[in-house]
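**Q** Sequence and predicted structure, then a few things I'm wondering about:
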Amino acid sequence: MKSLRLIMKSSSDSTTSSTQLRFKKTFPFWPVLVLGMVVLLTIVAVLQFRWTSQISEATDAQIGSSVQSLMMDWHLDLYREFSAVCVALQVGPDSGARDGWKDYLQRYADWTGSAANRDMVENVYIWEVSQRGEPQLLRLDVDADQIERWPVPANLEGLLARLRTNSSSLAVALSAWDLHDSSNQGQSEPDKNLSHGHNMPSNALLGWQFDANIPAIVHPIVHHARPADSRSVVMQRAVDWIVVVPNFSTVQNQILPDLAQRYFGGREGLEYNLAVVVPGSVPRLIYSSDEKFGTGRAGAPEATMNIFGPPPESMGGHFRQAANGGNSLKSAEWHSFSGPVWFPTIQYSARQDPWVLVLQHRNGPLQAVVNKVRQRNLTISALVLLLLAATMGFLATASLRAQKFAKLQMEFVASVSHELRTPLTAIFSAGENIKDGFVNGQSNLTHYGSIVTSQARQLVDLVDRILLFASIRNGKIQYELRPLQVSEILQRVRKTAAGLIEESAYTVEEHVEPGLPFVVGNLPAVCGCLENLITNALKYSGRDGRIRISATAHELEHNGKEIRISVQDHGIGIGSSELPHIFEAFYRSPEVAAAQIRGTGLGLFLAKHLAEAMGGRLSVVSEVGVGSIFTLHLSAAEEQGYKFSAVGPRGEVVTQNE
């Protein structure tokens, strides 16, 4: 017996120590791996956001480039319409020093006969201010082929007065558009380089200035050749002016609509609403493709362009044209920009409101298109990131679960090995003692026989549990249900668990409520469930060797009745954090493992399955240091003639009346 105990103790200690080593084994790389995944996803999210922003900026730049290109082409064609007559009149390079008024009349007539838009020009005037005495306005009459004196129209009074004030020299005249210098131009000294016609650059459009209020285009003319019969005295340094007045009605009703259709039209009409307005406290509408657009009632425009451009810089009497040296706008500035300078615009106030082309897409704001592309890209990026995060999370969870399951399997193998080794060692030792002749007499044979029987019964129970677990996992187990008496169940449990209770020297108390109805169940399954609960109670009762088994009836809310069979111990109890896991396969709490209490972690899992397979359930109430109460809930069978068919592994119950 001594050798038997030594072998059993050695086996138990070695198995327990190996189990503890495996239990203490941890995987410290998981926090680092999770942190790395979070950092990686964060970096990818930041890069995706930056890439999306860059794509949105590129889309905005592409749309802006297209819109700006259309507006600039529109701008150049409008410039071409206004400047055609200026080129035809050929004022320069000597600014008319050798030309008479008949020469200008002839050029104007030639242009009128060949121009596609001859109605573009309403009148061409000569404003004579170089002669001493009162200035006079001459009109070039192409139809009558004559030059006639003409009364000053009301709309030209302000312009002609401004031109007269700035006629003392060519240098002064070329800066007539500038409000800052207009107050003292009459007293300024002429630029020697500009007082002689041969020093003027050979550009047919140089020197023209624009009055946006009328509108009108003007150009200074150096001393003209006087007629033979003229006796007027000409001031040597003064200049005269040629004044071209476009037909504003033609501009509004023909030129601007044609340009709008040419550059902003499509198969179904105009793709954009556009208008030419003069902003200010009271905006003035020059042209609009839609009666509601341009007046501020149709929402903010997509893009605006200052048609005449910013005022040119004056450098030594020469103005620089922005068209010859203009820089392209940045993509972020296409919503509001200035076109190249045509002619300097005559300023009548410190803040002169220009003509502005405003544009708006008919199908909605272009910025909404950019925002839609950005939103779409962000949504796609977010979905990709979520999918990536979900995939990574799934892989991490699956790996953790696989690792946890592998750990549980190893612990299960260790536990089963321990459970197998202990009875096998006892049987082996008993057989060795009998073989070696250490057993004499009937009493000793009976004692060793009981040892072998007891240990063999433990092996059979362990094998039955493993086979039952395998059947549950494979879904092959079925139960035939019938009405059972509670007394019958408890009697069978006492009989099968008698040996275990006797060995443990524990006291089992029973309390059965009288008059209990039959329960729905399978006798082996119910007994197996309760035996697992009793075995569990015996393991964890500690020093208090009392176990209480009770059976009571309870009314349910839906007018039914159930029988509750409880097994109560006064052991170590179960912590609240452990309760959700105690019915999992192979699970054993760290406290149980530390206390070196043997077990496989299958007892409560099998008990829960047996209860649910019979249409019942298993519940637990526990308090650390006080004990636990496990309760089997079974439905009451109110009718004795009721037959219950087989129940499959999914817990479904199919019933028939006899």
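**A** Arrived safely.
**Q** what's the neighbour count on the closest residue to Ser487 other than its chain neighbours?
**A** Setting aside the residues directly before and after it, Ser487 is nearest to Val512 in space (CB to CB, 6 or more residues apart in numbering), at 6.9 Å. For glycine as for every other residue, the C-beta is placed from the backbone atoms N, C-alpha and C. Neighbour count of Val512, defined by other CB atoms under 10 Å: 14.
**Q** wait, Val512 sits on Leu490?
**A** Yes: with contact defined as CB atoms under 8 Å, Val512 counts as touching Leu490 (6.8 Å).
**Q** Mutual contacts of those two, please.
**A** Common contacts of Val512 and Leu490 (CB atoms under 8 Å, 6 or more residues apart in numbering): Ala551.
**Q** Low-confidence ranges, the stretch 451-600 of the chain, go.
**A** Scanning the stretch 451-600 of the chain for pLDDT under 70 picks out the ranges 454, 457-458, 462, 465-478, 542, 544, 593-599.
**Q** what ranges do the strands span in the stretch 351-500 of the chain?
**A** Under the criterion DSSP state E, counting those that start in this stretch, the stretch 351-500 of the chain contains strands at 356-361, 479-480, 482-484.
**Q** How is this protein partitioned into domains?
**A** Per automatic domain parsing, the domain ranges recorded for the chain read 59-368, 475-657.
**Q** so which of those domains comes closest to Thr52?
**A** domain 59-368 (10.4 Å; CB to CB).
**Q** Distance from the chain centre to that closest one, please.
**A** 51 Å (CA atoms, centre = their mean, to the nearest Å).
**Q** ok, back up a step: present the strands of the stretch 351-500 of the chain as JSON lines; the columns should include mean neighbour count.
**A** As requested, these are arranged in JSON lines below (neighbours: other CB atoms under 10 Å):
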{"stretch": "strand 356-361", "mean neighbour count": "22"}
{"stretch": "strand 479-480", "mean neighbour count": "18"}
{"stretch": "strand 482-484", "mean neighbour count": "18"}
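**Q** want to throw those into TSV with distance to Glu584?
**A** Putting these into TSV (distance: least, CB to CB, whole Å) gives the following:
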stretch	distance to Glu584
strand 356-361	63
strand 479-480	22
strand 482-484	28
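**Q** how about those strands, which one is nearest Leu604?
**A** strand 479-480 (18.7 Å).
**Q** now for the closest one, which elements pack on it?
**A** strand 642-647 (3 or more CB pairs under 8 Å, 6 or more residues apart in numbering; DSSP states H and E).
**Q** I'd like the average pLDDT over the strand it packs on.
**A** Mean pLDDT, computed over strand 642-647, is 45.
**Q** swap in stretch 335-344?
**A** On average, stretch 335-344 scores 80.
**Q** Flag every buried residue along that stretch.
**A** Neighbour counts over stretch 335-344 (16 or more other CB atoms under 10 Å) mark 335, 337-344 as buried.
**Q** Then stretch 620-638?
**A** Buried-residue list, stretch 620-638, by 16+ other CB under 10 Å: 620, 622, 627-637.
**Q** and if you look at stretch 394-411?
**A** 408, 410-411.
**Q** Would you reformat these as JSON lines and include pLDDT and distance to His581?
**A** Shown next, in JSON lines, are these (pLDDT from 0 to 100; distance: CB to CB, whole Å):
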{"residue": "Leu408", "pLDDT": "70", "distance to His581": "11"}
{"residue": "Met410", "pLDDT": "76", "distance to His581": "17"}
{"residue": "Glu411", "pLDDT": "70", "distance to His581": "13"}
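**Q** which among those residues gets closest to Gly573?
**A** Using CB to CB, Glu411 comes nearest to Gly573 of those, at 21.9 Å.
**Q** Isn't the closest one up against Gly601?
**A** Yes: contact criterion CB under 8 Å: Glu411 and Gly601 qualify, at 7.1 Å.
**Q** residues bridging contact with those two, i.e. touching both?
**A** In contact with both Glu411 and Gly601: 586, 588, using CB under 8 Å, 6+ apart.
**Q** circling back to that earlier point, out of the buried residues of stretch 335-344, which comes closest to Ser577?
**A** For the buried residues of stretch 335-344, the nearest to Ser577 is His335 (61.4 Å; CB to CB).
**Q** ok, now which ones touch the closest one?
**A** 64, 302-304.
**Q** now do 10 Å
**A** By CB atoms under 10 Å, 6 or more residues apart in numbering, the contact set of His335 is 60, 64, 67-68, 300-305, 329, 359, 366-367.
**Q** returning to that earlier point: same list, the buried residues of stretch 394-411, but as JSON lines with distance to Leu383 please.
**A** Shown next, in JSON lines, are these (distance: CB to CB, whole Å):
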{"residue": "Leu408", "distance to Leu383": "36"}
{"residue": "Met410", "distance to Leu383": "40"}
{"residue": "Glu411", "distance to Leu383": "41"}
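**Q** Sort out for me which of those residues are in helices.
**A** Among the buried residues of stretch 394-411, DSSP state H puts 408, 410-411 in helices.
**Q** got a list of what Pro301 touches?
**A** So Pro301 contacts 272-275, 277, 293-294, 335-336, 356-361, 365 (CB under 10 Å, 6+ apart).
**Q** Repeat the analysis, applying 6 Å as the threshold.
**A** By CB atoms under 6 Å, 6 or more residues apart in numbering, the contact list for Pro301 reads 358-360.
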